[in-house]
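Enquirer: generate a structure from the sequence data that follows.
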Amino acid sequence: MTDALLHAVRAYTEAHADAAGLAQTPVPGLTTIRATTPTGLAHGIPCPLVCLILQGTKQVTLGIETFTFNAGESLLITADVPTVSQITRASPEEPYLSLVLDLDVGLIAELTCEMAAGGTEEGSAVRFEPTDGEVAEAALRLMRLLDRPAAVPVLHKPLVRELHYWLLAGRHGAAIRRLGQPDGAARRVGQAVARLRAEFARPLRVEDLAAAAGMSRSSFHDHFKTVTSLSPLQFQKQLRLIEARRLMLGEGLAAGSAAFAVGYESVPQFTREYGRLFGLPPGRDAAAARLQAA
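Expert: Down below sits the predicted model:
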């Protein structure tokens, strides 16, 4: 089954991937990824997702922990957390290939209720397990559906629901279930993170975020760090720097303009913090990224 899924993802990415190796499918939240060479470090703050590694190797760093994922394993991210990722094994003959599905928190809550499933599991927001056979089978049916574009709008939702079901029923189930708890810490912190992502350029008031999560300031701070591995201030800083880098690389903004656009009042402070996160000052990093892309 895994070989069939690998073949389906390889065929789809070869036909539809953009220059970065990403192929967005017509199914909302479903993406395939292909890389023919190892990549540089990529900083991002992904939403909760599951990534089925089909070929090659990928590393993901969260805080001080680094995880290595190989073919046949599923990477699970259960919170909006800043990560540094890198594809470490890929070649033209055996490209890195993966299938990524954004997790639907509402669907998880609905299924958890219907399944009368067991407890939840705390711990790192990034984890991995061998891919369950039922998960691979459901993913394969979803990929095969893409060969019939007229059927996608009608049939994709039941298949996405089934894929969520098998994820909840499988090895990742206990970790995923906490996303569906309406009063759980992960869900509450997620509400605060959503507000922080929308308003990251504004001055940070932890009291406002705690209120959005329905927690006291001290309880919110502790839960936030448990879920994301960062304090709210550190999280906001990384959001700002990642967005500033996107503005420089994607929209051609100068470093100073990008700094002010994301909420910095001091360009020297922005330059120092940018260099600590990305390893180079803004101008040199942007130039190096453009050279690599060229």
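Enquirer: please, where are all the helices along this structure?
Expert: In the chain, the helices defined using DSSP state H lie at 2-16, 105-115, 133-145, 152-169, 173-177, 185-198, 206-213, 217-228, 232-251, 255-261, 267-278, 282-293.
Enquirer: quick one: buried residues of the third one?
Expert: This points to helix 133-145. Neighbour-count burial for helix 133-145, counted by 16 or more other C-beta atoms under 10 Å, picks out 134-140, 142-143, 145. C-beta: built from backbone N, CA, C; applies to glycine.
Enquirer: try stretch 157-173
Expert: 159-160, 162-168, 170-173.
Enquirer: I figured residue 159 hits residue 146, correct?
Expert: No - shown here, residue 159 and residue 146 do not form a contact pair, counting by C-beta atoms under 8 Å, at 10.6 Å.
Enquirer: the residue nearest the centre of the chain and residue 76, how far apart?
Expert: The geometric centre of the chain, computed from its C-alpha atoms, lies nearest to residue 46 (C-alpha atoms, centre = their mean), at 2.7 Å. Using C-beta to C-beta, to the nearest Å, residue 46 is found at 11 Å from residue 76.
Enquirer: and for residue 225?
Expert: Shown here: residue 225 relative to residue 76, a distance of 20 Å by C-beta to C-beta.
Enquirer: what does residue 166 give?
Expert: From residue 166 to residue 76 the distance is 13 Å (C-beta to C-beta).
Enquirer: how near is the nearest residue to residue 206 once chain neighbours are set aside to residue 144?
Expert: In space, and not counting its chain neighbours, residue 206 is closest to residue 232: 5.4 Å by C-beta to C-beta, 6 or more residues apart in numbering. Residue 232 is 43 Å from residue 144, where distance means C-beta to C-beta.
Enquirer: ok, residue 225 and residue 76, which is more surrounded?
Expert: Shown here are residue 225 and residue 76; by other C-beta atoms under 10 Å, residue 76 has more neighbours (21 against 16).
Enquirer: so that one touches residue 172, yeah?
Expert: Yes - at 5.0 Å, residue 76 counts as touching residue 172 under the criterion of C-beta under 8 Å.
Enquirer: can you pull the contacts of residue 16?
Expert: By C-beta atoms under 8 Å, 6 or more residues apart in numbering, the contact set of residue 16 is 23, 25, 32.
Enquirer: likewise for residue 164?
Expert: For residue 164, the contacting residues are 103-104, 107-108, 111, by C-beta under 8 Å, 6+ apart.
Enquirer: just the residues contacting the worst-scoring helix or strand of the chain on mean pLDDT, thanks.
Expert: None of the helices or strands of the chain scores lower by mean pLDDT, DSSP states H and E than helix 282-293, at a mean of 79. Contacts to helix 282-293, defined as C-beta under 8 Å, 6+ apart, come from residues 40, 244-245, 248-249, 255, 258-259, 270-271, 274-275, 278-280.
Enquirer: thought residue 31 was touching residue 25?
Expert: Yes - taking contacts as C-beta under 8 Å, residue 31 lies within contact range of residue 25: 6.6 Å.
Enquirer: on that earlier part again, same list, the contacts of residue 16, but as CSV with distance to residue 150 please.
Expert: Formatted as CSV, the contacts of residue 16 follow (distance: C-beta to C-beta, whole Å):
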residue, distance to residue 150
23, 19
25, 15
32, 20
